[in-house]
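Chemist: Take this sequence and fold it.
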Amino acid sequence: MSARRELKKELQRAYAVQQPQRKREFLMKLGMERCSLAEFFLTQLGYIRKRGWISSAVIFAGALWAGSRFPGEAVWIVSAGTPFLALTALTENGRSAACGMQELEAATRFSLRSVLLARMGGLGLTHGILLLLLILFSARGSLLPVAVGGLYILVPYLLTACIGTAALRRWHGREAVYLCAGIPAFVSGALYLMQGAAQIFYNLRNVRWWAAAFLLLAAAALRENYLLYKQTEELSWSLR
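Modeler: Here you go, the predicted model:
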């Protein structure tokens, strides 16, 4: 067991919070209506900032427009835009910490962890649909197989999501948001340099390495999101 984890347990034992007395009776007196899982999920989607949805739509439309103008380069154009699509999810996931609202949101009816999970799930589902549409669109004018083009598009997105979520876990406040804003530019710049050596990086013989990178980054992104979820603190009297 690491020293950090042991210290955390010692602090929890030293500053243990007593279990609330008659919590259920207190909550019953509030007369709050029960909320189904579907209602809760749809409600939280409404709290995602409009500029997040608009940014995703603009990036999606821009990729479609640029890809239609240059159909032979659609895969590369879309792959360069997907890191900025991931940025819209990163900024939303880090909004509570950036605005200093974690403690306040943790004391609301629904736990902050549940709120974060619902918003991450909503954005993830939306981006999944957009990425699928972009992959199918870029395959129309490309000589590459759909699966290969999909790898070239998904790997930059997952790389941005993985690095950005790790940054959100380690840094807090607006500094983390500014750092996340620079990550898509770095990934897109790296893709531009790689296209200059396309015979090396985008050779069909190297597809297995792209597939391996996709699997590793997908697993790493899931792990980072899980750790971000676990890191979110809850107050004992959250009305959940």
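
Chemist: okay, CA-based contacts and neighbour counts for the rest of this
Modeler: Fine.

Chemist: in this structure, which ranges drop under the pLDDT threshold?
Modeler: 1, 16-37, 40-41, 44, 47, 94-113, 172-177, 195-200, 233-240 (pLDDT under 70).

Chemist: hey, which helix is longest across it?
Modeler: Criterion DSSP state H: the longest helix present in the chain is helix 112-140.

Chemist: buried ones in that one?
Modeler: For helix 112-140, burial by neighbour count (16 or more other C-alpha atoms under 10 Å) applies to 112-120, 122-123, 127, 130-131, 134-135, 137-140.

Chemist: Show me the strands in the chain, by range?
Modeler: For the chain, strands defined by DSSP state E do not occur.

Chemist: residues making contact with stretch 68-82?
Modeler: Under the contact criterion C-alpha atoms under 8 Å, 6 or more residues apart in numbering, stretch 68-82 has outside partners 59, 63-64, 66-67, 131, 134-135, 138-142, 149, 152-154, 156-157, 188, 191-192.

Chemist: Dump the C-alpha coordinates for that stretch into CSV.
Modeler: This file holds the C-alpha atoms of stretch 68-82, laid out as CSV (Å, rounded to 0.1, in the frame of the first residue of the first chain):
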residue,chain,number,x,y,z
SER,A,68,-16.6,17.6,-48.7
ARG,A,69,-14.4,20.2,-50.3
PHE,A,70,-11.4,17.8,-50.3
PRO,A,71,-12.9,14.3,-50.3
GLY,A,72,-9.5,12.7,-50.8
GLU,A,73,-8.2,14.3,-47.6
ALA,A,74,-11.3,13.8,-45.5
VAL,A,75,-9.7,11.3,-43.2
TRP,A,76,-6.8,13.6,-42.3
ILE,A,77,-9.1,16.7,-42.0
VAL,A,78,-11.5,14.8,-39.6
SER,A,79,-8.6,13.3,-37.6
ALA,A,80,-7.2,16.8,-37.1
GLY,A,81,-10.6,18.1,-35.8
THR,A,82,-11.4,15.3,-33.3
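
Chemist: residues of it that come out buried?
Modeler: Result for stretch 68-82 [16+ other C-alpha under 10 Å]: buried residues 68, 71-72, 74-82.

Chemist: ok, the residues you listed vs Thr43, which is closest?
Modeler: Proximity of the buried residues of stretch 68-82 to Thr43 was ranked by C-alpha to C-alpha; the top entry is Thr82 with 26.9 Å.
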